[in-house]
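Novice: only geometry, no sequence info:
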């Protein structure tokens, strides 16, 4: 997205996707950012809970876990966890 540095290639929009931002932006209220460290911690937390979720699929959970989404206390919240493109051997790069 223009003006936002995204060092994690898994979460960068593909160039063909950039033109669609105008289309979906009418349905999106807010975009929040999480750091690579927060994503890594989310992957580790989910793994300890028995879920193997790739970093980009853990971004929404990282946002919730790090209080990036306001006003969710007492509400029903659904977080979609996706992507299994990570192996157990790759988890050595993530915190315990």
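Specialist: Received, thanks. All values reported here derive from a predicted model rather than from experimental measurement.
Novice: every contact and neighbour count from this point should use C-alpha atoms.
Specialist: Will do.
Novice: go ahead and confirm residue 33 touches residue 64.
Specialist: No - Residue 33 is beyond contact range of residue 64, at 11.0 Å (criterion: C-alpha atoms under 8 Å).
Novice: which helix runs longest in this structure?
Specialist: helix 36-48 (DSSP state H).
Novice: tell me what it is packed against?
Specialist: Here helix 36-48 touches helix 59-65, going by 3 or more C-alpha pairs under 8 Å, 6 or more residues apart in numbering; DSSP states H and E.
Novice: what does the helix it packs on rub up against?
Specialist: 32, 33, 34, 38, 39, 41, 42, 69, 79, 80, 81 (C-alpha atoms under 8 Å, 6 or more residues apart in numbering).
Novice: which one of the residues you listed has the most neighbours?
Specialist: Highest neighbour count within the contacts of helix 59-65: residue 42, with 27 neighbours (other C-alpha atoms under 10 Å).
Novice: for that residue, which non-adjacent residue is spatially closest?
Specialist: Spatial nearest neighbour of residue 42, chain neighbours left out: residue 62 (5.2 Å); criterion: C-alpha to C-alpha, 6 or more residues apart in numbering.
Novice: on the pLDDT front, check that neighbour for me.
Specialist: On pLDDT, residue 62 comes in at 97.
Novice: number of nearby residues for it?
Specialist: Residue 62 sits with 27 neighbouring residues when counted by other C-alpha under 10 Å.
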